[in-house]
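Build me a structure from this.
(chains A and B)
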Amino acid sequence: MKIIAAAISGLLFAFGLVLSGMTDPNKVQSFLDFGGIASGRWDPSLAFVMGGALLVTLPGFAWLRARGRRIEMQRGVKRTPLFDAHFDWPVTKSINAQLIMGSALFGIGWGLSGYCPEPAISLGVSGGISLLTFLVAMGVGMWVARRIRTQ
Amino acid sequence: MHPYLQSAIGGVCIGIAALWLMASLGRIMGVSGIAASAIAAEKDSAWRWAFLAALVIGGALFAWLLNVQGKPVASLGVLTVAGLLVGVGTVLGSGCTSGHGVCGIARMSMRSMVATVVFMGTGAITVAVLNAIGARA
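Numbers count the residues shown, from 1 in each chain, chains lettered A, B, ... in the order given. Next up is the predicted model:
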């Protein structure tokens, strides 16, 4: 069930990515081109994608958490997800140099290529040698960074 | 359909995917984290590989069905550097556009909001530099 549930999420995500146009790196770069707002060459699509997603996740996550708390209080039982043992909500709160540094580097790579991990992975098979190159480099970067980062 | 509306509907699908992953498996839909953990062969990663496989198969299938194409905008050399930066950056920064941008902001996490502003900021600066030196396709 866990595998099927994860696959449903991946398929829905892929559909959303393709439909939203975010698999086109030129569209992503055009969003990041804030200098083009005045001249009208700016493409706000990505903001609509994030807005659409937040429209679901903002109330959805709040509902999941409130419901979990309520059930725990009323019945004293720990609320679990449908097919797993516990909710793995992130607990890290610190805003540190590693977070800022990492996000800054990610942004540079994102701007250079127009790819963040999502569309790069979802286009992996069909995107040819360019995307494979990007994906291999991304995988190497992830592997190396996991060795040097501190929790 | 207006392209912005289409983008927003695509976004809603992405949001539903994130909400479903949390409701069913209790996990944040952060693609960089899922990929990095899968590569590192963390235990209990079967669901991660299933998610990634569905993302790849779905991406190819829907791009074909909707006849969507995305041409690379950079050379192989630039893509290699960009890939390394994205890989290192998302691990050190603990997330990317999905984990921080969609899920983190939805949790009202200050950490994710800061991360999102930073990567959008450096992304914008990078594109501005590419424009300035005439290196954008």
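
Could you check how many residues crowd around residue A:113?
Using other CB atoms under 10 Å in any protein chain shown, residue A:113 has 29 other residues around it. Backbone N, C-alpha and C define where each C-beta goes, glycine included.

nearest spatial neighbour of it, skipping sequence neighbours?
Excluding the flanking residues, the one nearest residue A:113 by CB to CB, 6 or more residues apart in numbering or on different chains is residue B:82, at 3.6 Å.

who does the host helix or strand of the one you found touch, helix- and strand-wise?
Per DSSP states H and E, residue B:82 falls inside helix B:76-92. Contacts defined by 3 or more CB pairs under 8 Å, 6 or more residues apart in numbering or on different chains; DSSP states H and E place helix B:76-92 against helix A:97-113, helix A:117-122, helix A:128-148, helix B:31-39.

would you turn those helices into JSON lines with distance to residue B:8 and mean pLDDT?
Formatted as JSON lines, the helices and strands packed on helix B:76-92 follow (distance: least, CB to CB, whole Å; pLDDT from 0 to 100):
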{"stretch": "helix A:97-113", "distance to residue B:8": "21", "mean pLDDT": "97"}
{"stretch": "helix A:117-122", "distance to residue B:8": "17", "mean pLDDT": "91"}
{"stretch": "helix A:128-148", "distance to residue B:8": "26", "mean pLDDT": "93"}
{"stretch": "helix B:31-39", "distance to residue B:8": "20", "mean pLDDT": "93"}
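
Tabulate these (CSV), appending distance to residue B:113.
Converted to CSV, those look like this (distance: least, CB to CB, whole Å):
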stretch, distance to residue B:113
helix A:97-113, 11
helix A:117-122, 19
helix A:128-148, 22
helix B:31-39, 17
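
Tell me how far the helix holding residue B:82 lies from the chain's centre.
13 Å (CA atoms, centre = their mean, to the nearest Å).

Check the average confidence over the next helix or strand after that helix, would you?
Downstream of helix B:76-92, the next assigned helix or strand under DSSP H and E is helix B:105-106. Mean pLDDT, helix B:105-106: 94.

helices and strands around helix B:105-106, which ones?
Contact here means 3+ CB pairs under 8 Å, 6+ apart; on that basis helix B:105-106 packs against helix A:45-75, helix B:110-132.

cutoff 6 Å now
Judged by 3 or more CB pairs under 6 Å, 6 or more residues apart in numbering or on different chains; DSSP states H and E, helix B:105-106 is in contact with helix A:45-75.

Show me what the helix it packs on is packed up against.
helix B:3-25, helix B:105-106.

Output those as CSV; include the columns distance to residue A:138.
Formatted as CSV, these follow (distance: least, CB to CB, whole Å):
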stretch, distance to residue A:138
helix B:3-25, 20
helix B:105-106, 23
